[in-house]
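Asks: Please find the sequence and the predicted model below.
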Amino acid sequence: MKSIYFFLTTLVLCIPSCKKEEKLVALTTSAHSVSMFNNTIRNHYFKTLDSAAFYIQKVDTLKSLEDNKANFLESREWYKRAEPMLMAYDYENYLSMNAPNLLKVEIEDYQDIKKIEPKSYQVLEELLYADEAPDNKELYRVAQYLQVRIPYIRKNHILIRQQDRHHLKMVRDAIVNIATKGITGFDSPMLANSLNEAIYNYETIQEILGIYKVAFLSKELYQSWVEEIDKTISILKSGNFDTFDRYAFIKNHTNRQLELLESTAKDWNIQLNTSRSLNPSSTNLFDKDFFNMAQFSPPRLPEITDERVTLGKMLFNDETLSSTGSISCATCHHKDKAFTDGLKKARGINNIELKRNTPTLSYAVFQHSFFYEGRASSLEGQIVNVVNDKNEFHLDLNTIEQRIQSNPEYVKQFDSFYDGNMSNRTIRHAIATYIRSLSPFDSKFDRNMQGHENTMTDKEILGFNLFMGKAACATCHFPPAFNGTVPPKYLETEFENLGVPKNASFEHPVLDDDPGQYYPYEVEEKRNFFKTSTVRNAELTAPYMHNGVYSSLEEVIKFYNVGGGQGMGLDVPYQTLPADSLKLTDNESEALVAFIKTLNDRQFEKGD
């Protein structure tokens, strides 16, 4: 009764506001003014949060498991209805409420290391739906946190002075989030309730667009939205998690909605902010310009131009920039291998075997951490590490600068392309600019998603749907870059502990002893953690894993299918990969490999 009373009260309060907006919208809607729809949207936000809080308050260790499950599902549904607004206007709390059931370690310095146990809906789901009875102490801890946190979020909201562009961006981020995380099982690992939860997200999108109905100059455009969202919800309702056609969903609906968003921005005469990770005018999830490249680079860098890319390529291939004059960046990064070298472990100066496998440079720009353990935060920073490493270039930036200054051709190009500013900073920028150009989004898969061709086979489409669903690959390798940079804001690149062995035997594996992120802070909970790399061009980048242990994609799929190191019986205390088998059939494993092969870009297959 309490919940019903709240809904009726909210409805009564909303009616005068809605009528006022319909009368005044033509006079007050502006690209730069505070949105006149804020009150109505905020009321909807409060309704969803209050409802989520109402049901989570009923989760109690004294109640039956079935009652707790029922109240959890009700609360979770309302949380998912709040999620688009929470994600847009309270991102840190969104991350906390939505966190996977994994220990999080935040490291500022040796004296400031935080180990944070998650207290989220995902944790509660795993407690309530595990095979064994839930730990009441843990159930109480998590439920109490949510019972306190949700009212706190409501009380401390910042939905006050948003403009219309903020609300449109909210819709855009929600659509991207659904396609890249929402339908993959990322949020609901135990129940695989992702399709229903995507419906709740879309119903909030529907609500927001309905609030803005009177702001549409084109009634046909608004009607297109109504029809599109109705179709999308209908498709989600009729779907099954394991068999859902995510390929058709993204191609025909996500991309259609991105087109409608672009049309809506024009209709409302607003411009979405360009200082974000995503290009606000892109209308295709797999378009070359989907990402805003500038936001994946350090601030205040020179503009990326074709001339600077060409200069960077020359420097990338120049062996005189190493101490012995015998190696260049291209020594370890061959174009025909998607900028890897085909070796288990890279070879440095004087043919010294290095510690790890050479990672691909294709799509490397779309990360916020570099090297397997993340010791650099930019491509420019990665170049500094390579130059200084005694087993790689074994040189210093000043000497490299002097060598380039002694080359008349380089002097001429820096004069032309960097206004005569030749320094180690512009040298590194030129090389990094070339690496940033290695993200063409020109694979068979991309061209099909972009509508340029229709050549994907049934097996390849099945592979994509498995990748995004049952096989759970996309819960770590997020589209469109298929790496560990997390949607929808793409502000963080993830690291995982998979329990990778040092030998390729599935019967007698031995855990690899590379400590990964354990150093330099010596945090045991970060041992064996490595960056999640891109799956793009993977057919060209064998052998695989940080140590090159597997020589084929088939072996890699088998490793994930058995549950990683823990699934093979190894002692991996902080493994982030679920140890349960994925139960993939041979046909499904083959389909996954077939899909991954469609991610080869044409320019890398051609080589030089």
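Replies: Yep, that arrived.
Asks: any idea how far the residue nearest to N398 when sequence neighbours are not counted is from S552?
Replies: Once flanking residues are discounted, N398 sits nearest to N424: 6.9 Å by C-beta to C-beta, 6 or more residues apart in numbering. To be clear about C-beta, it is placed using only N, CA and C from the backbone, and glycine gets the same treatment. Distance of N424 to S552, given as C-beta to C-beta, to the nearest Å: 41 Å.
Asks: swap in F604?
Replies: Going from F604 to S552 by C-beta to C-beta gives 19 Å.
Asks: more neighbours, the two?
Replies: Neighbours per residue (other C-beta atoms under 10 Å) separate F604 from S552, with F604 holding more: 24 against 14.
Asks: who touches whichever helix or strand that one is part of?
Replies: Per DSSP states H and E, F604 falls inside helix 602-606. Contact partners of helix 602-606, identified using C-beta atoms under 8 Å, 6 or more residues apart in numbering, comprise 335-339, 362, 440, 442-443, 537, 540.
Asks: Tell me where the stretch 351-500 of the chain has strands.
Replies: Taking DSSP state E, counting those that start in this stretch as the criterion, the stretch 351-500 of the chain carries its strands at 495-496.
Asks: now the stretch 501-608 of the chain
Replies: Assigned by DSSP E, counting those that start in this stretch, the strands in the stretch 501-608 of the chain fall at 530-531.
Asks: who's in contact with the residue nearest to M449 when sequence neighbours are not counted?
Replies: Leaving aside its chain neighbours, M449 sits nearest to F286 (4.1 Å; criterion: C-beta to C-beta, 6+ apart). The contact partners of F286, taken as C-beta under 8 Å, 6+ apart, are 441, 445-446, 449-450, 479-480.
Asks: ranges for the helices of the stretch 501-608 of the chain?
Replies: 553-561, 564-567, 586-597, 602-606 (DSSP state H, counting those that start in this stretch).
Asks: care to break the protein down by domain?
Replies: What automatic domain parsing lists as the domains of the chain is 1-160, 163-290, 304-436, 444-606.
Asks: So, low pLDDT: which residues of the protein?
Replies: Within the chain, the ranges that satisfy pLDDT under 70 run 1-32, 606-608.
Asks: Geometric centre of it: which residue is closest?
Replies: Residue closest to the average C-alpha location in the chain (C-alpha atoms, centre = their mean): V486, at 2.3 Å.
Asks: From T485, how far out is the nearest residue to that one once chain neighbours are set aside?
Replies: Nearest non-adjacent residue to V486, counting by C-beta to C-beta, 6+ apart: E492, 5.2 Å away. As judged by C-beta to C-beta, E492 and T485 stand 7 Å apart.
Asks: next one: R161
Replies: The gap separating R161 from T485 is 30 Å, by C-beta to C-beta.
Asks: Show me which of the two is the more surrounded one.
Replies: Counting neighbours by other C-beta under 10 Å for R161 and for T485 shows that T485 has the greater number, 25 against 10.
Asks: The more buried one bridge partners, please.
Replies: When bridges are called by DSSP bridges, T485 pairs up with T493.
Asks: For the remainder of this discussion, apply numbering that starts at 456.
Replies: All right, first residue 456 from here; so that's T940.
Asks: I'd guessed L776 sits against R858; true?
Replies: Yes - using C-beta atoms under 8 Å, L776 is in contact with R858, at 6.5 Å.
Asks: With neighbour numbers in mind, choose between these two.
Replies: L776 (22 against 17).
Asks: can you pull the contacts of the more buried one?
Replies: Contacts of L776 by C-beta under 8 Å, 6+ apart are 770, 783, 842, 848, 850, 855, 858-859.
Asks: same question, A585
Replies: Residues in contact with A585, defined by C-beta under 8 Å, 6+ apart, are M645.
Asks: I'd like to know how many residues surround the residue nearest to Y1005 when sequence neighbours are not counted.
Replies: Here the nearest residue to Y1005 in space, its sequence neighbours aside, is Y999; by C-beta to C-beta, 6+ apart that works out to 4.6 Å. Neighbours of Y999 under the rule other C-beta under 10 Å: 21.
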